[in-house]
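Participant: Below is the sequence, then the predicted model.
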Amino acid sequence: MSEGDERALGTLYDRWVPAVHSLVLHIVRDSAEAEDVVEEVFWQAWRQAARYEPSRGSVSTWLLTIARSRALDKLRSLRRTRDETVPLAVATDAVASPVATPQGAAELSERRTLVAAALQELPREQREALELSYFAGLSQTEIAERTGQPLGTVKTRMRLAMQKLRGKLAQLRGAEG
Amino acid sequence: MTRPDGPPGDDEVMAELAAAALGALSPEELAAVLDHAASSPPVAAELAAYRAAAALLAHAAPAAPLDSARSARLRARLLARAAADAEAARSVMPLAAVAGGARAPAAAPPARGWVRATPWIALAASAAFAAAALGLARASRERDALRTALRAAEERSAARAESLSVAVVARDRLLSALTGPSVRVVELTAAGARDPVARMFWDRATNRWTMFAHHLPTPPAGRTYQLWLVTTADAKISAGTFTPTPAGDAMMEAEYALEPGALQAIAVTEEPAGGMPQPTGPIVIAGAPAEDAGRR
């Protein structure tokens, strides 16, 4: 049956693999592991297509949420096996360069530019709190432990950062629908 | 953030929503927030807005596209898995019907293929397709069990297919090196005994040399066999070292361009492990091309 099925998966892959791979690699920081994770992300998307609800977000949000989740799973398991600690300084030079894919390239590039600009406007410690949480998968408590800041301070930074980000990205979210 | 005298109020939960959206709460804290959101529409709306903002952080990762060769391999793997998955889903149909106690007539048309294909086409177009969820969910449990087994089988068969295709290519090359119109055959025999024996196939069109040897004794420790092409100018060209199997069999392949009339002899000598630039040890087997042995 269903060559159409696999073609649809191929289409989804072609369109989103640059964004998915960029995110996964930034989290797991190992290209071989990242490749495995990317495969699992699209595989999971394929298996769970029926659970996708357009009302809760765009396809890219859905796919990138799966990607972050699988990448953090991998990061945690790598940390356990390698007994590694999380690097404290998450790269903050996350200003993206345009991705050269035919489909969705301009769209993605615009998103990257807006998000990067919004992040750059945050005070450094707020941005770091967001990044340690989003890309390193750390909880507020863990961030407090690793940065040596009081938990209350971390919570405040995270809340302020997210409030500002929401405001800055309202326009982008509206456009994304 | 909980009050000693009761459950948290909206204000306190609101303060945790940003962290909840980032997944930065402990499981217990998160459960409390979600409980609260379930009964408070304003909290639920705030949580959704924070989640949308958090999701955009994905785009803060530096652009790092997968290189095209690896991406193509990954894509092919995925599509193959998906094809196998679709196949499995189809084969699960009768099982699902039996499990549900439905004694449907054998001729009942299985509709799952259609149901499955539809959401995928829709998804690729970013359109709504949640309506198909019901049909899919029914078979999902049976499919999950099969999928685990299937995936293991897929991995085994993928590995097998890969090694088979490598073997086929090697076999093809071997066959053409043995049977080509320009292949010349040289018999090698031992000087004093009937064993060992070897036969060299020299494909003059491709400059490929393929030798099969039998009944070779295992060389002493630290020693190996080395194959030589001896030219009419008496140059001895090494074609590599080898060690026979415990049964005494060996196959050697080499590539070397030699003028058709330039081969005087082929010899195998015993040399120190790793081989020598020129033969130093005793000749184990040797042979010369017959003048008229141009073709086989």
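Facilitator: Alright, I've got the coordinates.
Participant: contacts, neighbours, all on C-alpha from now
Facilitator: Will do.
Participant: Can you tell me the element residue A:160 falls in?
Facilitator: helix A:151-176 (DSSP states H and E).
Participant: other SSEs contacting that helix?
Facilitator: helix A:105-120, helix A:124-134, helix A:140-147, helix B:10-22, helix B:41-56 (3 or more CA pairs under 8 Å, 6 or more residues apart in numbering or on different chains; DSSP states H and E).
Participant: do you know how far residue B:85 is from chain A?
Facilitator: 9 Å (CA to the nearest CA, to the nearest Å).
Participant: Name the residues of the helix holding residue A:160 that are buried.
Facilitator: With burial defined by 16 or more other CA atoms under 10 Å in any protein chain shown, the residues of helix A:151-176 counted as buried are A:151, A:154-163, A:165-166, A:168-169, A:172-173.
Participant: next one: stretch B:21-35
Facilitator: B:21, B:22, B:23, B:24, B:25, B:29, B:30, B:32, B:33, B:34.
Participant: shaky segments in chain B?
Facilitator: B:1-10, B:87-163, B:165-167, B:169-170, B:189-194, B:291-296 (pLDDT under 70).
Participant: residue of it with the smallest distance to chain A?
Facilitator: Proximity to chain A, evaluated over chain B using CA to the nearest CA, is greatest for residue B:24 at 3.9 Å.
Participant: I figured residue A:130 hits residue A:160, correct?
Facilitator: No. The pair residue A:130 and residue A:160 fails to qualify as a contact (CA atoms under 8 Å) at a distance of 10.1 Å.
Participant: for residue A:52, phi and psi?
Facilitator: Main-chain torsions, residue A:52, degrees, to the nearest 10: phi -70, psi 130.
Participant: That one: how many residues sit nearby?
Facilitator: Number of residues near residue A:52 (other CA atoms under 10 Å in any protein chain shown) recorded here: 20.
Participant: Report pLDDT for it.
Facilitator: Note for residue A:52: predicted pLDDT of 74.
Participant: and the gap between it and residue B:84?
Facilitator: For residue A:52, the distance to residue B:84 (CA to CA, to the nearest Å) stands at 22 Å.
Participant: Same check on residue A:81?
Facilitator: 32 Å.
Participant: Residue A:135 contacts residue A:26, correct?
Facilitator: Yes. Between residue A:135 and residue A:26 there is a contact at 7.2 Å, judged by CA under 8 Å.
Participant: I'd guessed residue B:33 sits against residue B:19; true?
Facilitator: No. Residue B:33 lies out of contact with residue B:19 (CA under 8 Å); the separation is 10.2 Å.
Participant: Please report phi then psi for whichever residue of chain A sits closest to chain B.
Facilitator: Closest contact between chain A and chain B, by CA to the nearest CA, is at residue A:139 (3.9 Å). Here is the backbone geometry of residue A:139 (degrees, to the nearest 10): phi -80, psi 170.
Participant: what's around it, how many residues?
Facilitator: 21.
Participant: How much space separates the closest residue to it other than its chain neighbours from residue A:78?
Facilitator: Distances taken as CA to CA, 6 or more residues apart in numbering or on different chains place residue B:24 nearest to residue A:139, at 3.9 Å, with adjacent residues excluded. Going from residue B:24 to residue A:78 by CA to CA gives 20 Å.
Participant: swap in residue A:18?
Facilitator: Taken as CA to CA, the span from residue A:18 to residue A:78 is 23 Å.
Participant: Who has more neighbours out of the two?
Facilitator: Ranked by neighbour count (other CA under 10 Å), residue A:18 and residue A:78 place residue A:18 first, with 22 against 14.
Participant: surely the more buried one meets residue B:62?
Facilitator: No. If you go by CA under 8 Å, residue A:18 and residue B:62 don't touch, sitting 10.5 Å apart.
Participant: sec struct for residue B:264, please.
Facilitator: Following DSSP: H, G, I helix; E, B strand; the rest coil, residue B:264 is assigned to strand.
Participant: the helices in the stretch 1-150 of chain B, which residues?
Facilitator: B:10-22, B:27-39, B:41-56, B:68-99, B:112-124, B:133-179 (DSSP state H, counting those that start in this stretch).
Participant: mind listing what residue B:174 touches?
Facilitator: By CA atoms under 8 Å, 6 or more residues apart in numbering or on different chains, the contact set of residue B:174 is residue B:210.
Participant: how much space between it and residue B:250?
Facilitator: Distance of residue B:174 to residue B:250, given as CA to CA: 14 Å.
Participant: and stretch A:65-82 with chain B, contact?
Facilitator: Yes. With CA under 8 Å from any CA of the partner chain as the measure, stretch A:65-82 is seen reaching chain B through A:65, A:68.
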